[in-house]
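**Student:** Need a 3D model of the following:
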Amino acid sequence: MAESSIEVFEITRILIADAPWHFLLEIIVRSAFMFIFALIFMRFLGRRAIHQLTSFDLLLIIALGSAMGDPMIYPDVAILWSVFGIATIMVFYRVQNALANKYSWYEDLTEGSPVKIISNGILDSKELEKHTPTQDDIFLLLRNDGIRNLGEVEAAYLERDGSLSVFKYRPGKEKPGLPTISEDMIDEWKPHKAGTKVEISGYHSCYKTGETIWLEKGDIFPDCEGEIWVLSEEIQNF
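**Tutor:** Numbers count the residues shown, from 1 in each chain. Sure thing, here's the model as predicted:
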């Protein structure tokens, strides 16, 4: 077997491979051209694509990353062919947006539709299972919005771009609810299994759905989805 001609840790090979040093000047020109073209491309996409990325937009950006990046550094990748390819994709993108704006069924098909996942402080676990975010993800978004428990939430919608739109109860209308704690924090709230005795009188919430009921000390925790109950959190003005 022939020995490899590669010299390990050869600085010149590591830095520039087989290209001559003056190819760096061409890289500067290529990169500047593609950068300017990228600015034009982002302006073409419009504000919606920049501030509200849907799954289609994200797929588009990932696909175009290689098309824009390769011509910057590879001498055998022609810039003109990349520009033509990117321009074609831009046209398809505008057509897709036009169809989505004209036909709601097409928009739902390609980008999904908003989903109501919290209603009157109750988490729709069945609906949540159909989508990518987990309960922990939803609770993280709620905590980032300053929400301590589901009793503060009248309704919440999972949007097309994965963000969460939350409608809170008016001040004074909040009710006891499931704390927005992640699963690895649940031990701090001393969870109880369904079928065991209640140790402290008060409101308790099902950890899976947020269903909240009053239980007296000595009562038995009823069955619930997930079979785990935690002590509810109450708002002071409740």
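**Student:** What helix or strand is residue 154 located in?
**Tutor:** Assigned by DSSP states H and E, residue 154 belongs to strand 153-158.
**Student:** And that strand, what's buried?
**Tutor:** 153, 154, 156, 157, 158 (16 or more other Cβ atoms under 10 Å). Backbone N, C-alpha and C define where each C-beta goes, glycine included.
**Student:** which one of the residues you listed is nearest residue 205?
**Tutor:** Of all these, residue 205 sits closest to residue 153, with 12.7 Å by Cβ to Cβ.
**Student:** State whether the closest one and residue 145 are indeed in contact, as I suppose.
**Tutor:** No: using Cβ atoms under 8 Å, residue 153 is not in contact with residue 145, being 9.3 Å away.
**Student:** For the strand holding residue 154, list the C-alpha coordinates in PDB.
**Tutor:** What follows is strand 153-158, C-alpha atoms only, in PDB (Å, rounded to 0.1, in the frame of the first residue of the first chain):
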ATOM      1  CA  VAL A 153     -53.900  32.300  31.400                       C
ATOM      2  CA  GLU A 154     -57.300  32.700  29.800                       C
ATOM      3  CA  ALA A 155     -56.000  31.400  26.400                       C
ATOM      4  CA  ALA A 156     -52.700  30.600  24.700                       C
ATOM      5  CA  TYR A 157     -52.000  29.900  21.000                       C
ATOM      6  CA  LEU A 158     -49.100  28.100  19.500                       C
END
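**Student:** List the neighbours of it that are in contact with it.
**Tutor:** 114-121, 131, 133, 138, 142, 147, 164-169, 177 (Cβ atoms under 8 Å, 6 or more residues apart in numbering).
**Student:** what mean pLDDT does that strand have?
**Tutor:** Strand 153-158 comes out with an average pLDDT of 94.
**Student:** any idea of the angle the helix or strand following that strand forms with strand 153-158?
**Tutor:** Downstream of strand 153-158, the first helix or strand assigned by DSSP H and E is strand 164-168. Angle between the axes of strand 164-168 and strand 153-158 is 170 degrees (criterion: axes from the mean of the first three to the mean of the last three Cα atoms, to 10 degrees).
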